[in-house]
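Asks: Please find the sequence and the predicted model below.
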Amino acid sequence: MAAARDTAVQDLVVAGFGPSGIALAAAVEDHDDAAGGPPLAARYLERAADSAWQPNLVLPGTDIQHHFLRDFATPRDARSRFTFPHYLQQSGRFYPFTLMGGYVSRLEWSDYVQWAARQVRGTVEYHREVLGVEPVTGPDGRVRTARVTSRDPRDGSLHTVEGRNVALATGHEPYVPELLRPHLGERVFHASRLLPALAALSGTPLRSIAVVGAGQTAGEIVLHLAAQHPDAEIHSLVRHAGFRMYELGHFSNEVYFPDETDYFYGLEGEQRERALEQARATNYAAVDPDVSTALYQAAYQDRFTGRNRLHMHRRTEIASVEQEDGGPVRLATEEVFTGERGLVTADAVIVCTGYREPVLPRQLAAFVPYLRLDAQGRPQVTRAYRAETTGDCEVGIYLDGLTEWRHGIGSATSFSQMAAKADTVHRDLRARLSRPAAPVAA
Ligand SMILES: Cc1cc2nc3c(=O)[nH]c(=O)nc-3n(C[C@H](O)[C@H](O)[C@H](O)COP(=O)(O)OP(=O)(O)OC[C@H]3O[C@@H](n4cnc5c(N)ncnc54)[C@H](O)[C@@H]3O)c2cc1C
């Protein structure tokens, strides 16, 4: 199919209009508002129909994990029109909110994210899945722009737009262990598909549901299922001695401060990996105190009442998976230390094994000859999240929210540095745009 071509070359094309993309748009537009004059020519492309935040996991009763002032703009410029306080004031809930003790439900945060997306004046195109970013060379062989091709998932139509700079803000990808991958489908699915996948099973009796994993999402899903499916047996399978709690120390949580990114970025190879491993305890494979308490109370009440339908399988690994003709799934299990075997039969298996950062975003395949890659095939990135390119490439390619391995825990998947990260990218972008382009050789 021929692609519909947008002829105007943009200063910036952003792939993904979730939090990282919106934060960058906010930095761009705050600067435009303050400077006056023509705005930056920017195009924002989002695969989904809107910018809803983690839409398949916005469960009733869940709250956000970061302080609400770590929003799209406050840490960068508290006077910005994109701040959470501005959203509260516009929504008429400012005063009631202040009586809530800082509690923000995930539902409200998702509403704020969508509100912020609507404040963006630049062109945002939804239903645009970015497939690839290709180099466009001038007559002298230098790469002057990048052609971004996207597809409309509704009708498969292709669209292209060219940019002098491209930011990939496509987020981390759901991770499913190899053993479970061949079984993915109606009854076995990653948590990122939770609500639609459960809705698709609404005609199927769910007598037994397995939840694999021990992170915040797994804990919240166990609680959600316990409330929504009062007749189902719920099996929680975790490899550790039970759900662990995040490391909540004030000092260790300073890893989410922007100057920690400078520190982390300055570390080399193995030291950096060790530092990241230490920081992971503040965010991954653990639950917050509310969820830990609620899970323990639920399990206690379940035993106290003699109902015994919450099965907390501790120190348990899945050894093999069987499923016949799309029917219930049989999970053969093994105790981690004793090797004792067990069997869990489930009508649905919810895989809560987190997300992974792509080593090299697949959209950049055509750009590889112009990227400097490290020994593991990852793009080398500057402190400003820009991929280092060969001397004959003038296009700026930013990896926005895709470089936890290089910038640390605070600057990839967390809101904590959303505004600071956008500020860093934006400053670098403006500096590049203000430089005269290399003359075209005759
Ligand atoms: C359930 C859950 C709860 C969380 N809660 C918190 C929290 O409370 N606090 C916190 O700080 N962090 C939290 N996080 C971490 C989360 O990663 C960040 O909050 C934030 O969503 C990261 O934003 P992002 O834009 O980088 O990535 P994402 O949120 O993943 O957004 C990426 C966007 O890009 C789009 N996209 C993907 N591929 C393409 C493509 N090829 N073309 C076009 N568009 C594409 C997606 O549709 C999406 O809109 C949570 C994560 C999860 C899964």
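Replies: Looks like it came in fine. It should be emphasised that the depicted structure is a prediction, and the values quoted were computed from it without experimental measurement.
Asks: With the ligand as the reference, measure out to residue 201.
Replies: Using C-beta to the nearest ligand atom, to the nearest Å, one gets 20 Å for the distance from residue 201 to the ligand. For every residue, glycine as well, the C-beta is placed using N, CA and C.
Asks: The residue nearest to that residue when sequence neighbours are not counted: what's it in contact with?
Replies: Distances taken as C-beta to C-beta, 6 or more residues apart in numbering put residue 348 closest to residue 201, at 6.0 Å, once the chain neighbours are dropped. Taking C-beta atoms under 8 Å, 6 or more residues apart in numbering, we find residue 348 in contact with 187, 188, 189, 197, 198, 201, 204, 206, 209, 210, 329.
Asks: Please read off the pLDDT at residue 348 from the model.
Replies: pLDDT recorded at residue 348 is 98.
Asks: From residue 68, how far out is it?
Replies: 34 Å (C-beta to C-beta, to the nearest Å).
Asks: can you check residue 41 too?
Replies: 32 Å.
Asks: more crowded one of the two?
Replies: The residue with more neighbours, out of residue 41 and residue 68, is residue 68; 20 against 16, by other C-beta atoms under 10 Å.
Asks: Could you double-check that the more buried one lies in contact with residue 104?
Replies: Yes. Between residue 68 and residue 104 there is a contact under C-beta atoms under 8 Å: 4.9 Å.
Asks: So the spatially most central residue of the chain: helix, strand or coil?
Replies: In the chain, the centroid-proximal residue (C-alpha atoms, centre = their mean) is residue 171; its distance is 4.1 Å. Using DSSP: H, G, I helix; E, B strand; the rest coil as the criterion, the local structure at residue 171 reads coil.
Asks: So which elements touch the lowest-mean-pLDDT helix or strand in the chain?
Replies: Lowest by mean pLDDT, DSSP states H and E among the helices and strands of the chain is strand 4-10, with a mean of 87. Strand 4-10 sits against strand 42-45, strand 158-163, with contacts defined as 3 or more C-beta pairs under 8 Å, 6 or more residues apart in numbering; DSSP states H and E.
Asks: buried residues in that strand?
Replies: By 16 or more other C-beta atoms under 10 Å, the buried positions in strand 4-10 come out as 6, 9, 10.
Asks: ok, now stretch 191-207?
Replies: 191, 192, 193, 194, 197, 198, 201, 206.
Asks: For residue 128, state which of these is nearest.
Replies: Among the buried residues of stretch 191-207, residue 192 lies closest to residue 128 (C-beta to C-beta), at 19.8 Å.
Asks: what pairs with the closest residue to the closest one other than its chain neighbours across the strands?
Replies: Distances taken as C-beta to C-beta, 6+ apart put residue 174 closest to residue 192, at 4.5 Å, once the chain neighbours are dropped. For residue 174, the beta-bridge partners under DSSP bridges are residue 355.
Asks: Does residue 174 touch residue 194 like I think?
Replies: No. The criterion here is C-beta under 8 Å, and residue 174 misses it with residue 194 at 11.0 Å.
Asks: can you pull the pLDDT of the residue nearest to the centre of the chain?
Replies: 97.
Asks: residues contacting the residue nearest to it when sequence neighbours are not counted?
Replies: The shortest distance from residue 171 to any non-neighbouring residue, by C-beta to C-beta, 6+ apart, is to residue 18 (5.8 Å). Contacts for residue 18 (C-beta under 8 Å, 6+ apart) come out as 46, 51, 53, 113, 169, 171.
Asks: So residue 18 versus residue 404, what's the distance?
Replies: Distance from residue 18 to residue 404, by C-beta to C-beta: 16 Å.
Asks: What separation is there between the residue in the stretch 1-150 of the chain positioned nearest to the ligand and residue 272?
Replies: Residue of the stretch 1-150 of the chain nearest the ligand, by C-beta to the nearest ligand atom: residue 18 (2.4 Å). Computed as C-beta to C-beta, the residue 18 to residue 272 distance reads 26 Å.
Asks: contact partners of the least confident helix or strand of the chain?
Replies: Residues outside strand 4-10 that contact it (C-beta under 8 Å, 6+ apart): 41, 42, 43, 145, 157, 158, 159, 160, 161, 162, 163, 164.
Asks: let's see 7 Å
Replies: 41, 42, 43, 145, 157, 159, 160, 161, 162, 163, 164 (C-beta atoms under 7 Å, 6 or more residues apart in numbering).
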